[in-house]
Structures are given as C-alpha cells and as structure tokens.
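> No sequence on hand, only this structure:
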C-alpha cells in the first residue's frame with residue numbers, strides 16, 4: 001500500500017501557531033485516508049491543512065468545496081459543513097475501477113456504500129464528520 005505521509009508531514013501542513021491537527025488516519029486509500037477526523041475544525045483550518053497537503057480546490061455550483069489530491073482521492077465539504085471523502089481509484093487487471101462508489105470514513109478506513117446488487121447500504125452515506133461552523 002502507498003503510505004506517502006507521516007505525522008510530521010501532516011503537522012507541517014498546518015499554517016499558523018494555534019491550529020488543530022487531525023489525528024493520523026489508517027491510510028492505504030489515498031491522501032484523503034491519511035488523516036483522521038476533521039470534526040470540530042473550522043473551514044479555514046481545514047482549508048489550510050488540505051492546501052498544505054497539495055490539494056487542488058474548486059467550488060461546485062451547489063456550494064460544495066472540493067479538494068482533489070494528485071492521487072485523485074478527494075475531500076468534499078458540503079455547504080452545511082459535512083465532510084465527504086472518496087478514495088484514490090484502484091483498478092483491477094481488466095482496467096475496471098474496483099473501488100468506485102466507495103467512501104472513506106472519519107478515521108481513513110474504506111467504507112462500502114453499496115451491496116453486491118449495487119443498492120445503497122443505509123447509514124453509509126453520512127459518516128458524521130462535520131466541521132465547526
């Protein structure tokens with residue numbers, strides 16, 4: 001598995017003297033899985049932190065702020081402060097994306113969102129990770 005960041009790199013990504021740093025995540029699913037829960041951080045703290053990790057930022061028409069990393073993992077912030085993470089794509093030997101539709105939970109673990117019949121699994125859409133407004 002790809003382990004690009006360590007705790008020192010995560011702490012170095014923060015800007016300013018009195019900002020909080022999330023715990024280290026379990027990793028293995030892209031940069032979006034390398035750090036832990038963002039709950040309680042402000043939008044500015046999260047913005048500084050994710051920019052420090054090299055994220056490209058864009059805002060959608062619906063008001064979401066999307067942070068996309070070079071490995072194509074993402075962190076999306078909804079207008080209400082809810083955090084959505086998606087893993088870096090992984091491909092099978094046939095070239096098919098084998099983790100499409102999955103999410104990363106607040107601790108950086110892969111979270112299955114659909115069953116074997118492609119039905120949404122209840123309770124997996126929202127992981128409860130939310131920024132401090």
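Nice, thanks for sending it over. Keep in mind the model is a prediction, meaning the values are calculated, not measured.
> For the protein, which segments count as strands?
56-59, 65-68, 74-77, 83-86, 103-104, 110-111 (DSSP state E).
> who are the neighbours of the top helix by length along the chain, in terms of helices and strands?
In the chain, assigned by DSSP state H, the helix with the most residues is helix 43-52. In terms of contacts (3 or more Cβ pairs under 8 Å, 6 or more residues apart in numbering; DSSP states H and E), helix 43-52 is packed against strand 56-59, strand 65-68, strand 74-77. Bear in mind the C-beta positions are built from the backbone N, C-alpha and C, glycine included.
> Need the strands of the chain in a markdown table (columns: mean pLDDT).
Putting those into a markdown table (pLDDT from 0 to 100) gives the following:
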| stretch | mean pLDDT |
| --- | --- |
| strand 56-59 | 96 |
| strand 65-68 | 97 |
| strand 74-77 | 96 |
| strand 83-86 | 94 |
| strand 103-104 | 91 |
| strand 110-111 | 88 |
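> Pipe these into a markdown table and attach mean neighbour count and distance to residue 42 per row.
Converted to a markdown table, the strands of the chain look like this (neighbours: other Cβ atoms under 10 Å; distance: least, Cβ to Cβ, whole Å):
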| stretch | mean neighbour count | distance to residue 42 |
| --- | --- | --- |
| strand 56-59 | 11 | 16 |
| strand 65-68 | 19 | 13 |
| strand 74-77 | 21 | 11 |
| strand 83-86 | 23 | 13 |
| strand 103-104 | 25 | 21 |
| strand 110-111 | 18 | 25 |
